[in-house]
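>>> Build me a model from this:
(one chain, ligands or ions: 2)
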Amino acid sequence: MRGKRIVIALGGNAIQSGSATAIAQQKALNQTAEQLIEIIKQGYQVAITHGNGPQVGNILLQQIQSDSEQTPAMPLDTCGAMSQGMIGYWLENALDEQLQKEGLNKEVASIVTRVEVDPTDEAFRHPTKPIGPFYSEEEAKKQMQTDDVQFREDAGRGFRKVVPSPQPVSILEHAVIKTMVNNDTVVISTGGGGVPVYRQDNKIFGLEAVIDKDFASETLAELIQADTLMILTEVEHVYTNYNSPQQQALHEVGVEALKRFAEEGQFAAGSMLPKIRAAIAFAESKLGRKCIITSLNKALEAIEGRAGTIVKA
Ligand SMILES: Nc1ncnc2c1ncn2[C@@H]1O[C@H](COP(=O)(O)OP(=O)(O)O)[C@@H](O)[C@H]1O
Ligand SMILES: NC(=O)OP(=O)(O)O
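Ligands and ions are numbered 1, 2, ... in the order given. Purely as a prediction, here's the structure:
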């Protein structure tokens, strides 16, 4: 049954705010679920997606650190699937608890999601996606000299390993996700942008990359015909002249104005720019669709049009 339908993309701070232990991440997601339940209570059909940059980078490091014949290191696509399972499990626990507390008769389920990409995507030759922990410039340079890895400075916070980040083409599990959403199941999918794969001779092959979750969430929102794409991050609004005395919050903004701001370089590549590009693509995909960019604690107000940045065609 078709109800008002929303895809909610969870940013890094919804999963990990500080410690990377399982207990700390479960706790962060429990708090996230307290906000998400408010949206579910409004009667929305909800599909949730999430990032995995810190987690997939840590899983990869654990593989490298314990690589042996008995415990062989897993490749990045498998690490991506592991991160989906891990975060999906924590989020299931968190949402389950809230659904029980509210006495809502709804199921929650998490889907390991494969996202088709073009194996010849230029992105494979230019790694841009930061994953895992932060390093000093000195540590990063040392690792680049000894290992076949690339590091890049990440938004003034230190150096991080970067991996290729191809564009999503399609989502292999989109039909089953849509069926579950139709049945009012709260579905967690497309985690970490989905596991990047391609198909050849009727076989599926994984690729060593991490897809941007904002782009993949936009693809999902189109494929399951959502009305709203909500991107939750650390800031309440998208701003022009961000972090300057002239900083101004954008409340409701059209795609043409947003494109002009993007051309002016108002949005940082690798952080706000992918969200802006996803918002434009979704708002342009069909009349009446909107994208909301806001913080977790403003999510409900933003749905009601009282907070956040709302992007419309
Ligand atoms: N123009 C802008 N307006 C708002 N935030 C911006 C802008 N440019 C860069 N940012 C930064 O982008 C961040 C969101 O990107 P990021 O941290 O990568 O997202 P995620 O929540 O998905 O992990 C914000 O917390 C903010 O620091
Ligand atoms: N895959 C992805 O985009 O993860 P982050 O949002 O954590 O960077």
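>>> how deep is residue 297 tucked in, by neighbour count?
A count of nearby residues for residue 297, using other C-beta atoms under 10 Å, gives 14. Placement of C-beta: from N, CA and C, glycine included.
>>> typo on my end, it should be residue 145
Neighbour count for residue 145, taken as other C-beta under 10 Å: 7.
>>> Angles on the backbone of the one residue in the chain that gets nearest to ligand 2, please.
Using C-beta to the nearest ligand atom, the single residue of the chain nearest to ligand 2 is residue 51, 2.4 Å away. Phi and psi for residue 51, reported as degrees, to the nearest 10, are phi -80, psi 170.
>>> Tell me the spacing between it and ligand 1.
5 Å (C-beta to the nearest ligand atom, to the nearest Å).
>>> from here on, count from 48
All right, first residue 48 from here; so that's residue 98.
>>> Look up the closest residue to that residue, ignoring the ones flanking it.
Spatial nearest neighbour of residue 98, excluding adjacent residues (C-beta to C-beta, 6 or more residues apart in numbering): residue 260 at 4.6 Å.
>>> Check that neighbour and give its pLDDT.
Looking at residue 260, its pLDDT reads 98.
>>> And the one 4 residues further on, by the same measure?
Model confidence at residue 264, expressed as pLDDT, equals 98.
>>> burial count for residue 353?
Neighbour count for residue 353, taken as other C-beta under 10 Å: 10.
>>> Which strand or helix spans it?
Using DSSP states H and E, residue 353 maps to neither a helix nor a strand.
>>> With residue 264 instead?
Applying DSSP H and E, one finds residue 264 within helix 260-270.
>>> Equivalent analysis for residue 243, please.
Taking DSSP H and E as the definition, residue 243 sits inside strand 242-247.
>>> Quickly run through the sheet partners of that strand, with directions.
Paired strands of strand 242-247, with direction, are strand 161-163 (parallel), strand 250-253 (antiparallel) (DSSP bridges).
>>> And those: which comes nearest residue 214?
Residue 214 lies closest, by C-beta to C-beta, to one member of the strands paired with strand 242-247: strand 161-163, at 9.7 Å.
>>> Output the strands paired with strand 242-247 in a markdown table; the columns should cover mean pLDDT, mean neighbour count and distance to ligand 1.
Putting the strands paired with strand 242-247 into a markdown table (pLDDT from 0 to 100; neighbours: other C-beta atoms under 10 Å; distance: least, C-beta to the nearest ligand atom, whole Å) gives the following:
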| stretch | mean pLDDT | mean neighbour count | distance to ligand 1 |
| --- | --- | --- | --- |
| strand 161-163 | 98 | 23 | 17 |
| strand 250-253 | 98 | 12 | 23 |
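>>> Can you give me the first-to-last residue distance of stretch 312-322?
14 Å (C-alpha to C-alpha, to the nearest Å).
>>> In it, which residues are buried?
By 16 or more other C-beta atoms under 10 Å, the buried positions in stretch 312-322 come out as 313, 314, 317, 318, 319, 320, 321, 322.
>>> and which of those residues is nearest residue 58?
Closest to residue 58, out of all of the buried residues of stretch 312-322 and judged by C-beta to C-beta, is residue 322, at 8.6 Å.
>>> I'd like the mean pLDDT over the strand holding residue 243, please.
98.
>>> what residues does it touch?
124, 127-128, 131, 159-166, 213, 219, 251-254, 256-258 (C-beta atoms under 8 Å, 6 or more residues apart in numbering).
>>> and if you look at stretch 159-174?
Here stretch 159-174 has contacts from 128, 131-132, 135, 197, 209-220, 224, 236-238, 240-246, 251-252, 254, 256, 258, 263, 266, using C-beta under 8 Å, 6+ apart.
>>> So for residue 201, what's the pLDDT?
For residue 201, the model assigns a pLDDT of 84.
>>> what's the answer for the one 10 residues further on, then?
Residue-level confidence at residue 211 comes out at 97, pLDDT.
>>> now residue 347
Looking at residue 347, its pLDDT reads 95.
>>> Work out for me the element it sits within.
In this assignment (DSSP H and E), residue 347 forms part of helix 346-350.
>>> What of residue 309?
Judged by DSSP H and E, residue 309 forms part of helix 302-310.
>>> now for that helix, which elements pack on it?
When contacts are defined as 3 or more C-beta pairs under 8 Å, 6 or more residues apart in numbering; DSSP states H and E, helix 302-310 packs onto helix 319-332, strand 356-359.
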